[in-house]
Structure formats: C-alpha cells, structure tokens
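**Student:** Provide a 3D model corresponding to the input given below.
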Amino acid sequence: MASKDDAPVGAANGNGNAAQPSLNVLAQYVKDLSFESPGAPNSLRGRDKAPGIAINVNVNANPLSDKQFDVNLTLNAKASFDQEVLFNVELVYGGVFAISGFPQEHMLPILFIECPRLLFPFARQIIAEATRNGGFPPLMLDPIDFAQMFQQKLAEDQAATKVKVS
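**Tutor:** Have a look, this model is predicted:
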C-alpha cells in the first residue's frame with residue numbers, strides 16, 4: 001500500500017495532471033478619480049492647435065495574502081495650452097489578483113507587467129469618459145509598454161543600489 005508521501009510530484013489536482021500556473025482577476029475597482037478644469041468655462045473654447053498633454057504612469061503592488069495581490073495602476077494626465085492648465089485628471093485603478101503556481105522569479109514581472117496590462121484598457125476608458133464628461137474631447141491614451149517600464153525601473157533601482165554601495 002502506497003503512502004501519501006509516495007504520490008507522484010505534480011499530481012496536485014487529482015486527475016494526474018500537474019497543477020497549472022494561474023492568474024485570475026478577482027476584482028477591479030476605481031480607488032481614486034479626480035478631474036479638474038480650473039479655467040472652465042474659458043478653457044473649453046476651441047483652439048487653433050492641440051494642447052500639450054503630459055502623462056505619468058505608475059504601478060504599485062501589495063500582497064493581500066500568500067496568493068492574492070492588490071495591483072494599482074496610477075495614471076495622471078495634464079493638458080495645458082500656453083501656460084494655462086486646461087484639465088488635470090488622475091486615476092488610481094486597482095485590481096485584486098489571485099496568482100499561483102508560478103516560480104518566484106516570475107512574480108515581479110507578473111505583478112508589474114501582466115497585471116497592469118490587464119487593467120489598462122479599463123483605466124483608459126475611464127480617463128476618456130472623464131475628459132469627455134469634463135467638456136473636452138475624450139483623451140485616448142496610447143498603449144503602454146509595461147515591460148519596458150519594468151525594465152527601466154529595474155535599471156534605476158540597480159543604479160541607485162550601486163550609488164549607495166560606492
């Protein structure tokens with residue numbers, strides 16, 4: 001008679017197949033949304049050329065338990081024309097993710113690349129609706145390369161570590 005310790009490695013799901021890695025979205029939510037149009041109604045008039053738009057993006061992730069994580073995508077967009085701020089919109093859009101079965105070395109890329117990639121289309125739509133509801137044309141954000149952002153953040157963190165050690 002075989003004991004539990006003799007069970008084949010990877011037969012975790014009872015049908016003889018190894019448990020597969022999984023990434024599930026458990027919830028999505030607006031954590032913070034702010035739209036300001038300080039010069040309205042004057043800022044709503046037509047312009048000869050497009051305003052300058054500055055966009056900032058940030059991603060944060062926090063563990064809720066061993067396999068659940070809260071990932072927040074922060075988007076700030078500021079439109080200005082000749083030193084006049086037309087609008088400023090800020091969104092913190094969050095998602096609760098259940099992540100299991102991945103090697104530990106894959107967790108940071110999943111949290112900072114894949115999770116925000118799943119959240120972005122919804123956040124983009126909220127930003128577009130907020131600017132449209134504020135009296136401006138909808139601001140349609142271009143797709144974001146979260147992999148490049150993650151690599152840049154890693155390089156900055158490594159450079160900061162080298163400076164502290166030196």
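
**Student:** from Pro138, how far out is Leu154?
**Tutor:** 33 Å (C-beta to C-beta, to the nearest Å). Every C-beta, even on glycine, is put in place using the N, C-alpha and C of the backbone.

**Student:** what ranges does this protein have for its strands?
**Tutor:** For the chain, the strands defined by DSSP state E cover 22-36, 52-63, 68-81, 84-100.

**Student:** same list (these) but as a markdown table, adding mean neighbour count, distance to His106 and mean pLDDT.
**Tutor:** Listed next are these as a markdown table, based on neighbours: other C-beta atoms under 10 Å; distance: least, C-beta to C-beta, whole Å; pLDDT from 0 to 100:
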| stretch | mean neighbour count | distance to His106 | mean pLDDT |
| --- | --- | --- | --- |
| strand 22-36 | 13 | 10 | 97 |
| strand 52-63 | 14 | 13 | 96 |
| strand 68-81 | 19 | 13 | 96 |
| strand 84-100 | 19 | 9 | 97 |
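
**Student:** what's around Gln151, how many residues?
**Tutor:** 13 (other C-beta atoms under 10 Å).

**Student:** so what pLDDT did it get?
**Tutor:** What the model reports as pLDDT for Gln151 is 95.

**Student:** if I look at it, how far off is Asn42?
**Tutor:** 42 Å.

**Student:** just Asp70 next, same as before
**Tutor:** From Asp70 to Asn42 the distance is 40 Å (C-beta to C-beta).

**Student:** do Gln125 as well
**Tutor:** 28 Å.

**Student:** who has more neighbours, the two?
**Tutor:** Comparing Gln125 with Asn42 by other C-beta under 10 Å, the one with more neighbours is Gln125, at 13 against 10.
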